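Novice: Coordinates for the following, if possible.
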Amino acid sequence: MHIHIDKNKNKGFTLVELVIVVAILAILVGILAPAYSKYVERSAESTDLENVRTAYGEVMIAVEIEEEKDVLKVVPLKQKKAGWQSSNTVSIAGISHSNGDPDTDHWKGDPVAGGVCEVSYNPEKGILFDWKGKNEDGSKKYFFDINEDLQKPLNESGVLGDLISKKNTYFEIDSKCQNSSMLPKVKEKLPANSLLQKGTWAYVGSPSNAPERYFYWTSVDTNEVGAGQEIPVIISTADGKYYVSESTTADRTGSGPSYVAISGHLTQADNKKIIANGQKYDSLQEAYDAYEKELTDGKYKQYKNTLQ
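Specialist: A predicted model of the protein is given here:
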């Protein structure tokens, strides 16, 4: 009996056929990958929004039913791209926000990869969704230059020279004083990413003796909280040291519009006492981190919504 074996039955793909298959697969992957990536990102955004809405519900229950105060929920974000990809405008609890919109009393910032959304409630302003992020290297992101020399705007303004020529031995420049002739000169020297672009601040002390010259800053709008209120402050001295302490706001009246200053009129002894009551830090970054912690976990939780 003769058995015929067809050798062609065991024949595999030729090299040309394999190259064609691989090329087709590469084309399909190139077509489908972007669509899949968009789907994954939109799915992550949807999850983030649902988690934030859930946190909002928990905050409102804690405030309205359990009568708690200083409620804060932090929601880690899953999305991998900054801004909203699925829709230019999103709504949470009746509050709508679009990509690039400015901050409001109820919404700060935009979502970023690896960031968080802090959901909190203020009795006067209501709910706040605060979207915060990190730098590309995973480090904490600041709204200002952490290497900024806080004394530099004053030193470059020419104000100190004017005061010395007039034989002034003590001065005060408060950012809320609209009638100040010195304030505009200092503001002209502020970088766009300066800490002084936010909050309330003041320079006080001796124009001629740098060790007795101080800078005060707070994220609190002193005009809003009013006079006689204890507020947290960061203090910078001319020798490069930083302190986190507290001051008491005070009314100011005069020839111009009245305002609430970051503190009462301070003598050199007062400045030294405020510093002595505070905590010392070697850098602006360390001081701000400590200040921020006071507002999120410490004594001044009522002001946490003033953080950027």
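Novice: need the contact list for G161.
Specialist: If you count contacts by C-beta atoms under 8 Å, 6 or more residues apart in numbering, G161 has none. C-beta coordinates here come from the backbone N, C-alpha and C atoms, glycine included.
Novice: Then R213?
Specialist: Remark: with contacts taken as C-beta under 8 Å, 6+ apart, R213 is in contact with Q151, L154, Y203, V204, G205, S206, P207, T237, A238.
Novice: you'd agree the fourth one is in a helix?
Specialist: It refers to V204. No - secondary structure assignment places V204 outside any helix; it is strand (DSSP: H, G, I helix; E, B strand; the rest coil).
Novice: quick one on the thing from earlier: can you pick out the most distant pair from the contacts of R213?
Specialist: For the contacts of R213, with distances taken as C-beta to C-beta, the pair at the greatest spread is P207 and T237 (14.9 Å).
Novice: ranking the contacts of R213 by neighbours, who comes first?
Specialist: Y203 (26 neighbours; other C-beta atoms under 10 Å).
Novice: Quick check: the gap between that residue and L128.
Specialist: Plainly put, Y203 is 31 Å away from L128 if you go by C-beta to C-beta, to the nearest Å.
Novice: Which one of the contacts of R213 is nearest to D251?
Specialist: Nearest to D251 among the contacts of R213 is V204, at 16.8 Å by C-beta to C-beta.
Novice: quick one: the closest one from Y214, how far?
Specialist: Taking C-beta to C-beta as the criterion, V204 is separated from Y214 by 5 Å.
Novice: Name the residues contacting each of these two.
Specialist: Shared contacts of V204 and Y214, defined by C-beta under 8 Å, 6+ apart, comprise N271.
Novice: looking at the chain, which helix or strand is least sure?
Specialist: Least confident helix or strand of the chain, by mean pLDDT, DSSP states H and E, is helix 15-64 with a mean of 79.
Novice: Now do it: which elements does it pack against?
Specialist: When contacts are defined as 3 or more C-beta pairs under 8 Å, 6 or more residues apart in numbering; DSSP states H and E, helix 15-64 packs onto strand 72-76, strand 89-92, strand 116-122, strand 126-132.
Novice: Can I get the helix or strand following the shortest one as CSV, trimmed to CA atoms?
Specialist: It refers to strand 89-92. For strand 89-92, the following helix or strand on the C-terminal side (DSSP states H and E) is strand 95-98. Coordinates of each C-alpha in strand 95-98 appear next as CSV, following Å, rounded to 0.1, in the frame of the first residue of the first chain:
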residue,chain,number,x,y,z
ILE,A,95,-21.2,73.8,41.7
SER,A,96,-19.9,73.9,38.1
HIS,A,97,-16.3,74.5,37.1
SER,A,98,-14.6,74.5,33.7
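Novice: Going by neighbour count, list what's buried in strand 95-98.
Specialist: Buried residues in strand 95-98, counted by 16 or more other C-beta atoms under 10 Å: I95, H97.
Novice: List the neighbouring strands of it plus their orientation.
Specialist: Here the strand partners of strand 95-98, with direction, are listed using DSSP bridges: strand 89-92 (antiparallel).
Novice: which residues sit against the partner strand?
Specialist: For strand 89-92, the external contacting residues (C-beta under 8 Å, 6+ apart) are L49, V52, R53, Y56, W84, S96, H97, S98, N99, F129.
Novice: Now for the fifth one: which residues touch it?
Specialist: In this case it means W84. Contacts for W84 (C-beta under 8 Å, 6+ apart) come out as E45, V90, S98, N99, D110, P111.
Novice: What is the nearest of these to S245?
Specialist: Minimum distance to S245 across those is 33.1 Å, recorded for D110 (C-beta to C-beta).
Novice: Tell me the backbone dihedrals of that closest one, please.
Specialist: The main-chain torsion angles of D110 are listed as degrees, to the nearest 10 and equal phi -130, psi 160.
Novice: again with the one 5 residues further on
Specialist: Main-chain torsions, G115, degrees, to the nearest 10: phi -90, psi -170.
Novice: quick one: it from N99, how far?
Specialist: G115 is 15 Å from N99, where distance means C-beta to C-beta.
Novice: neighbour-wise, which of those two wins?
Specialist: When neighbours are counted by other C-beta under 10 Å, G115 and N99 differ, and G115 comes out ahead with 19 against 14.
Novice: What sits closest to that one if chain neighbours are left out?
Specialist: Leaving aside its sequence neighbours, G115 sits nearest to G133 (C-beta to C-beta, 6 or more residues apart in numbering; 3.5 Å).
Novice: Could you identify the most distant pair in the contacts of W84?
Specialist: Using C-beta to C-beta, the two most remote members of the contacts of W84 are E45 and S98, lying 14.1 Å apart.
Novice: looking at it, S180 is touching I173, isn't it?
Specialist: Yes - at 6.2 Å, S180 counts as touching I173 under the criterion of C-beta atoms under 8 Å.
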